[in-house]
Structure formats: structure tokens, C-alpha cells
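Asks: Sequence first, then the predicted structure:
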Amino acid sequence: MIEWLAMARWSPYLVGACIGILIWTAFLLSDRPLGCSTAYAKTAGMVEAAVSRDSAKTMPYYQKITPTIDWQWTLLVGIVLGALLSAYLAGTFSLLLIPPLFAAQFGMDPFLRAAVALAGGVLLGFGARFAGGCTSGHGISGTLQLSLVSWVAAFCFFAGGILVAGLLFGFGGGGG
Amino acid sequence: MISLAAIRSGPRLQVVLGLATGIVFGFLLQKGGVTEYDVILGQLLLSDFTVVKVMLSAVLVGMIGVFALKAAGAVRLHCRAGTVGATVSGGLVFGAGFALLGYCPGTAAGAVGAGALDALIGMAGMVVGAGIFARLYPRIEKSVLNRGGFPADTLPELLGIRPGIVVALVAFVIIALLYLIAVAGF
């Protein structure tokens, strides 16, 4: 058992099947699909509330997405802990700022990687709220319910991603 | 035996369940390799199909189970509302961010757990992006976000076919796609 938990990688099919089963439990025990991007909006609301409690209370979006610690928020905390546990057991935990593929294409400037990551994060956070979900909320939980919005969103996530990745690294080059 | 309704309506229990679900999810994402920048960029550059394999397998198993539970009356569906304008434009912006950061909102949290500091910067960026959206929300709610309704909520409604048959069709297409990806050598 522990050898298995300590493996660096599992088959992607097995991992996917287990995520599918995890989603059954979320529907059954929590009456909700599994999505990650709402937690970021809740966190933004908590920041607004810390700066000015009144402004956060009167902002319409935070009346819809309340800045409270609930299932969706602790889910995100759990993801950090679960991945930490997995990497720790496998002995693959290592602090890293510049991923190898990024370094091979753009060099080892930490400020460049930080700036690109920050810009990417802002677009992700904004885009996910605009589209009403992310790769897990729309891409997995929504598509498996055969929701039309989610299939369109998932297609657009990958269309936009493939286009911009191709512009950054060259189309058909396979990276590097 | 505690009833499902009691479990679902207990706020403290739900906070713990969210944490437990997240721990399992994060563990799985890390074991699947999808918390790595190189794996996600490999998918967007179409040279590594790990992300698609994980997602399609999850949709296949999740779909069959959720529709079986629904048929048994144990769960209800939670399809999201949205318009064509907001979904397409938001989806494309999300995709651009996905390629720049190299993680999505869930896998970024997993990558932080595995030690990726760039993912932590990305998570801060996502809070900023969501905050900008919340600030703009009153101004765009009635206009941009309301443009172009979808003709139906779900694929079965759109096609006019019973959900059970659509589930079987989608399952067949997913298995065929996974087979073709494997045969093509990815």
C-alpha cells in the first residue's frame, strides 16, 4: 500500500477514474459539483472585506458569491495539502520558480517568470468568473452532466490555450 | 444512520468534507502529473496528452455514476447558467491565462503543494482577476454577460434525445478518443 502511495506517477486513466468517483461523492454528500475557481472569488471578497467591510457588503457580486469559509474554500486548501502529501510520499517535493520548459524557451530570469505567471493568473481569475467556471467546474463537473454551457466553455479554454501556447513556443514544435 | 439531507445541510460537516475532498483531489492531481507546468504546456502544444487522458477518464466515470445516481433519485444535476457571449469570451481569456501560467485554478493549488512558487504567484493573480471581475460585475451584468442565450441547458435537451442514450453515446465517443490517442502513440 505505502509503495503504491509513494509512486511518483499513477496511470492518467486511473487518476481520472478516481476523480470521477470523487465527483459522485461530492454530488451525494454535498449536493454540488466539484469546482475550484469560486474559491478565488471568495478570497477576493475576503480581501475587500478586510480593507473595507462596508464596500464588500454592498458589492453585488459578493452577495451572490459570499466571502465565507465553506466547502468550496476548504476544497482549495485541501488540494494544496493533498498534493503536498503526494509529493512528500513520492520524495518529489522541490521548491521551483521556473519550470524546465519555460527556462529552455525564455531563460532563467525569475522576474520574467513571475510577471508571466502573475499576468496568466489575472486572466485565469477574470476569465473563470466571466465564463462561470474553470477546468474542473466546467471542464470535468459540467461536461459530465452534459451541460451545453460547460462543453462550450471547455472547448474555448483549450482553443485559447492552444493558440497562446503556440504563439509562445511555436506551433507544431512540441515545445522547447 | 445519518440522513443525506442532514449531512448536506450541516455547515461544519461540509467544511470538513470540502477539505477531505480537496485532499483526495490534490493527491490525485499530483499523482496524475497534471500539477506540472511542463505537462500542461505539453498538452496545449499537443505533444503530451496526459491532461486530456485524465479529464476524459474523469468525465466518463463521473458521468455514468452521476446519471445512475440521478436515475435512482439520490442526486440532482447542477448545470450552470451562462450566455454564449460570456462563455466564449471568458473561456478564451481563461485559455490565454492557462497557457501563460501553465496551471489552471485547481492544478495551481496542487502545484503549490508540490513546491511550485510560480503557481503561488498565479494563485495571487487569480484572486486579483476575480476581484477585478467583482468590481466590474454591476456594469457588465446586464450587458456583456447577458448576450446570447444558449438554445438549451443540456445536450439531451438540445438533441431531443433521452439522457440515458446521450450518456451511452458520449461514453462511446470518449472511449474511442482515448483509444485513438493511445494508438497514435501519445
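Replies: Now that the structure is in, tell me what you want to look at. Numbers count the residues shown, from 1 in each chain, chains lettered A, B, ... in the order given.
Asks: From chain B, how far off is the residue nearest to the spatial centre of chain A?
Replies: Geometric centre of chain A, nearest residue: A:C36, 5.8 Å, by C-alpha atoms, centre = their mean. Taking C-beta to the nearest C-beta, to the nearest Å as the measure, A:C36 and chain B are separated by 4 Å. All C-beta spots, glycine's among them, are computed from the backbone N, C-alpha and C.
Asks: If we ignore the residues flanking it in sequence, what's nearest that residue?
Replies: B:G106 (3.8 Å; C-beta to C-beta, 6 or more residues apart in numbering or on different chains).
Asks: residues touching that neighbour, list them.
Replies: Contacts for B:G106 (C-beta atoms under 8 Å, 6 or more residues apart in numbering or on different chains) come out as A:C36, A:L76, A:I79, A:C134, A:T135, A:S136, B:F25, B:L29.
Asks: contacting residues around the fifth one?
Replies: The neighbourhood of A:T135, defined by C-beta under 8 Å, 6+ apart, consists of A:C36, A:A154, A:F157, B:M55, B:F98, B:C104, B:P105, B:G106, B:T107.
Asks: Over to the second one?
Replies: For A:L76, the contacting residues are A:C36, A:A39, A:Y40, B:G22, B:G106, B:A109, by C-beta under 8 Å, 6+ apart.
Asks: host element of the fifth one?
Replies: With elements delineated by DSSP states H and E, B:G106 resides in helix B:105-113, which encompasses its position.
Asks: list the buried ones in that helix?
Replies: B:P105, B:G106, B:T107, B:A108, B:A109, B:G110, B:A111, B:V112, B:G113 (16 or more other C-beta atoms under 10 Å in any protein chain shown).
Asks: can you list those in TSV and add pLDDT and distance to A:V15?
Replies: Below are the buried residues of helix B:105-113 laid out as TSV (pLDDT from 0 to 100; distance: C-beta to C-beta, whole Å):
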residue	pLDDT	distance to A:V15
B:P105	98	18
B:G106	98	13
B:T107	98	12
B:A108	98	17
B:A109	98	16
B:G110	98	12
B:A111	98	15
B:V112	98	19
B:G113	98	15
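Asks: Just give me the closest of those to B:L46.
Replies: B:L46 has its nearest neighbour among the buried residues of helix B:105-113 in B:T107, at 18.2 Å by C-beta to C-beta.
Asks: My read is that the closest one contacts B:L41, right?
Replies: No - B:T107 is beyond contact range of B:L41, at 11.9 Å (criterion: C-beta atoms under 8 Å).
Asks: Tell me which residues of the helix or strand where B:G90 lies come out buried.
Replies: Assigned by DSSP H and E, B:G90 belongs to helix B:84-101. For helix B:84-101, burial by neighbour count (16+ other C-beta under 10 Å) applies to B:85-101.
Asks: do stretch B:69-86 as well
Replies: Buried residues in stretch B:69-86 (16+ other C-beta under 10 Å): B:V75, B:L77, B:H78, B:C79, B:R80, B:G82, B:T83, B:G85, B:A86.
Asks: that's a strand at the first one, yeah?
Replies: Put plainly, it is B:V75. No - read with DSSP: H, G, I helix; E, B strand; the rest coil, B:V75 is coil and lies in no strand.
Asks: and B:F172, that one's in a helix?
Replies: Yes - if the criterion is three-state DSSP, then B:F172 is within a helix.
Asks: and it, what pLDDT?
Replies: With respect to pLDDT, B:F172 scores 98.
Asks: how about the residue of chain A lying at maximal distance from its centre, what does it touch?
Replies: Distance to the chain centre peaks in chain A at A:D54, reaching 29.7 Å (criterion: C-alpha atoms, centre = their mean). With contacts taken as C-beta under 8 Å, 6+ apart, A:D54 has no neighbouring residues.
Asks: low-confidence ranges in the chain?
Replies: Chain wasn't specified; assuming chain A. Confidence mapping of chain A against pLDDT under 70 gives the ranges A:173-176.
Asks: look at chain B instead
Replies: Applying pLDDT under 70 to chain B flags residues B:1.
Asks: Using the record's assignment, carve it into domains.
Replies: The record's domain parsing of chain B by automatic domain parsing lists B:1-31, B:36-78+B:154-186, B:82-149.
Asks: Any residue of the first one touching chain A?
Replies: Yes - counting by C-beta under 8 Å from any C-beta of the partner chain, chain A is contacted by domain B:1-31 at B:4, B:7-8, B:11, B:14-31.
Asks: Using ChimeraX, define a selection of the buried residues within these.
Replies: One line in ChimeraX is enough to select the buried members of those, burial here meaning 16+ other C-beta under 10 Å:
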select /B:14,15,17,18,19,20,21,22,23,24,25,26,27,28,29,30,31
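Asks: can you tell me the helix or strand for the residue nearest to the centre of chain A?
Replies: Using DSSP H and E, A:C36 falls outside every helix and strand.
Asks: Same question for B:L120.
Replies: Using DSSP H and E, B:L120 falls in helix B:117-140.
Asks: hey, C-alpha coordinates of the helix or strand following that helix in CSV?
Replies: Later in the chain than helix B:117-140, the nearest helix or strand by DSSP H and E is helix B:155-159. Extracted in CSV, the C-alpha atoms of helix B:155-159 (Å, rounded to 0.1, in the frame of the first residue of the first chain):
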residue,chain,number,x,y,z
LEU,B,155,-27.0,18.2,-24.7
PRO,B,156,-30.0,15.8,-24.3
GLU,B,157,-32.4,18.8,-24.5
LEU,B,158,-30.5,20.2,-27.5
LEU,B,159,-30.6,16.9,-29.4
